[in-house]
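> mind folding the following:
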Amino acid sequence: MAKSQEQLQQKRSATSLIYDPKFRSYAFQILLLIGLVVFGWWIFNNTVTNLQAQNKTTGFDFLGITSGFNIGFSLIPYDRSSTYFDVFVVGILNTLLVSVIGVILATILGFIIGVARLSSNWIIAKLATVYIEVFRNIPLLLQLFFWYFAVLKSMPAVKNSLEILTGSVFLNNRGLYVPDPNPNDSFVWVQLAIVGVIIGGYFLHRWARLRQEATGQRFPFIPAFIAGLIIVPTLVWIIVGAQINLDYPVLERFNFAGGIQIPPEFVALLFGLVIYTAAFIAETVRAGILAVNSGQTEAAQSLGLKNSDRLNLVVIPQAMRVIVPPLTSQYLNLTKNSSLAVAIGYPEIVNVFMGTALNQSGKAVEVIFMTMMVYLTLSLATSAVMNVYNARIALTER
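Below you'll find the model as predicted:
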């Protein structure tokens, strides 16, 4: 009798353990982890087995081998004798170039369009609406084709180039030609002065904000910062005798010599990314502004603030708490969408490294892995910066 009661108690104990939420939570997590490890090992083992069956070796030794092909646009010195690692670096820099410039321009354009859509002016509001509805509903790839083939490739030939600025800026179907600035050695002091003004502007902005919170008096930070950004580098320029010699593009028999050539692939990609992403940012901005309680605007009006002050001092600071999270997603999308450049021939990392370098070296696993790590790193870095900014503007309880 005692033995049967002991067995019954053990059975109840086991049953109660199965229905214990804490036990089930840990059990499910452990099973999931085991499943992921087994799946990852299966993928790895399957890849190694297939590579051995095809007599292919693995490793990153190929990065030191000469690439043997040219790249039309590069921010660093590159030629046919450069290595595959140089191709990797060129691809990263070209991707960063279009991504950073694209994020800045898309943010500015998106904020303007987003605010314009809420304008009391009927024409401005409708034009902003048409812009958003048109460009965000057309696939980005088609927009890139439009800017590249229909707009830039239909430009005049080299001999009939459009002269935008007399003798200095030219536009044709081979790209945009602008003067190449060649500063002397003393110009580095001007650059340091600009950096110093920017750093000083950061501390000035903090001081102005604390001063306004303490006294209620506003400091004209923007005019002061712009004045400092002009006056200080100019004084340093005069004192150290800095100079910039412009190398102007000159039309020769078949092409321009001198200057800087901005390829049409870069311009088309930048236009497409900026205009497409700005449409989504505009909707994010509009949603953030509408999320601010109307009582905030009414309170600002009762204080006698102008429309611009109500927007800049009351509405936008509160709307940013709603805008930043989806804005981060748009920045990530813009960076990843830059891989569509392969369709129009811009030499970013997918085109030159995962395309040409992969085909010539045959190192598919290594090349694809490195490319994936580049995009993962860029995305995590962007998210980290935006998360820090989001934490700074978040509401805090007092």
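
> show me where the chain has its helices.
2-18, 21-53, 84-117, 122-135, 140-145, 187-215, 221-240, 264-291, 294-302, 307-309, 316-337, 349-351, 358-361, 364-393 (DSSP state H).

> which of those helices sits most buried?
Among these, helix 349-351 has the highest mean neighbour count (mean count of other C-beta atoms under 10 Å), at a mean of 24. In this view, the C-beta of every residue, glycine as well, is placed from N, C-alpha and C.

> contact partners of it?
Residues outside helix 349-351 that contact it (C-beta atoms under 8 Å, 6 or more residues apart in numbering) are 88, 91-92, 94-95, 339, 341-342, 345, 371, 374.

> try it again at 10 Å.
71, 87-96, 265, 338-345, 355, 357-358, 367, 370-371, 374-375, 378 (C-beta atoms under 10 Å, 6 or more residues apart in numbering).

> what's the answer for stretch 221-230, then?
193-194, 196-198, 200-202, 204-205, 207-209, 212, 220.

> redo that, cut-off 8 Å
194, 197-198, 200-201, 204-205, 208.

> now stretch 106-115
By C-beta under 8 Å, 6+ apart, stretch 106-115 touches 128, 131-132, 273-275, 277-286, 289, 311, 327, 330, 334.

> for the chain, what are the low-confidence residue spans?
Confidence mapping of the chain against pLDDT under 70 gives the ranges 1-19, 395-398.

> mind running it again at 80?
1-25, 47-48, 50-59, 166-167, 213, 216, 253, 294-314, 393-398 (pLDDT under 80).

> just to revisit the earlier point, out of the contacts of stretch 221-230, which comes closest to residue 43?
Checking the contacts of stretch 221-230 against residue 43 with C-beta to C-beta, the nearest one is residue 198 at 47.0 Å.

> and the spatially closest residue to residue 127 that is not a sequence neighbour, how close does it get to residue 133?
Of all residues beyond its chain neighbours, the one nearest residue 127 is residue 116 (7.4 Å), with distances taken as C-beta to C-beta, 6 or more residues apart in numbering. Noted for residue 116: a distance of 14 Å to residue 133, by C-beta to C-beta, to the nearest Å.

> find residues that contact each of these two.
By C-beta under 8 Å, 6+ apart, no residue touches both residue 116 and residue 133.

> so who does residue 274 touch?
Counting by C-beta under 8 Å, 6+ apart, residue 274 makes contact with 102, 105-106, 109.

> now those residues in JSON lines, with distance to residue 167?
Shown next, in JSON lines, are the contacts of residue 274 (distance: C-beta to C-beta, whole Å):
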{"residue": "102", "distance to residue 167": "30"}
{"residue": "105", "distance to residue 167": "27"}
{"residue": "106", "distance to residue 167": "32"}
{"residue": "109", "distance to residue 167": "30"}
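
> with distance to residue 157 added, can I get the helices of the chain in a markdown table?
Converted to a markdown table, the helices of the chain look like this (distance: least, C-beta to C-beta, whole Å):
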| stretch | distance to residue 157 |
| --- | --- |
| helix 2-18 | 79 |
| helix 21-53 | 49 |
| helix 84-117 | 26 |
| helix 122-135 | 30 |
| helix 140-145 | 21 |
| helix 187-215 | 36 |
| helix 221-240 | 40 |
| helix 264-291 | 13 |
| helix 294-302 | 55 |
| helix 307-309 | 47 |
| helix 316-337 | 31 |
| helix 349-351 | 26 |
| helix 358-361 | 32 |
| helix 364-393 | 36 |
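
> chain center to stretch 271-286, what's the gap?
13 Å (C-alpha atoms, centre = their mean, to the nearest Å).

> I should have written stretch 306-324 there, sorry.
The chain centre lies 23 Å from the centre of stretch 306-324; the measure is C-alpha atoms, centre = their mean.

> cool, stretch 72-89 as well?
23 Å.

> for the residue nearest to residue 127, give me its contacts.
Here residue 116 is in contact with 124-125, 127-128 (criterion: C-beta under 8 Å, 6+ apart).

> how about those, which pair is most distant?
Checking the contacts of residue 116 with C-beta to C-beta, the most distant pair is 125 and 127, at 7.4 Å.

> who's in contact with residue 245?
181-184 are the contacts of residue 245 under C-beta under 8 Å, 6+ apart.

> can you do 7 Å?
residue 182 (C-beta atoms under 7 Å, 6 or more residues apart in numbering).

> repeat that for the one 5 residues further on.
With contacts defined as C-beta under 7 Å, 6+ apart, residue 250 is in contact with 256-258.

> among those residues, which ones are buried?
Buried members of these, counted by 16 or more other C-beta atoms under 10 Å: residue 256.

> reformat the contacts of residue 250 as JSON lines; add distance to residue 235.
Output for those, formatted as JSON lines (distance: C-beta to C-beta, whole Å):
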{"residue": "256", "distance to residue 235": "36"}
{"residue": "257", "distance to residue 235": "36"}
{"residue": "258", "distance to residue 235": "31"}
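
> and the contacts of residue 250, which is closest to residue 188?
residue 258 (23.7 Å).

> that closest one touches residue 252, doesn't it?
No: the pair residue 258 / residue 252 is not scored as a contact, 9.3 Å apart, by C-beta atoms under 7 Å.
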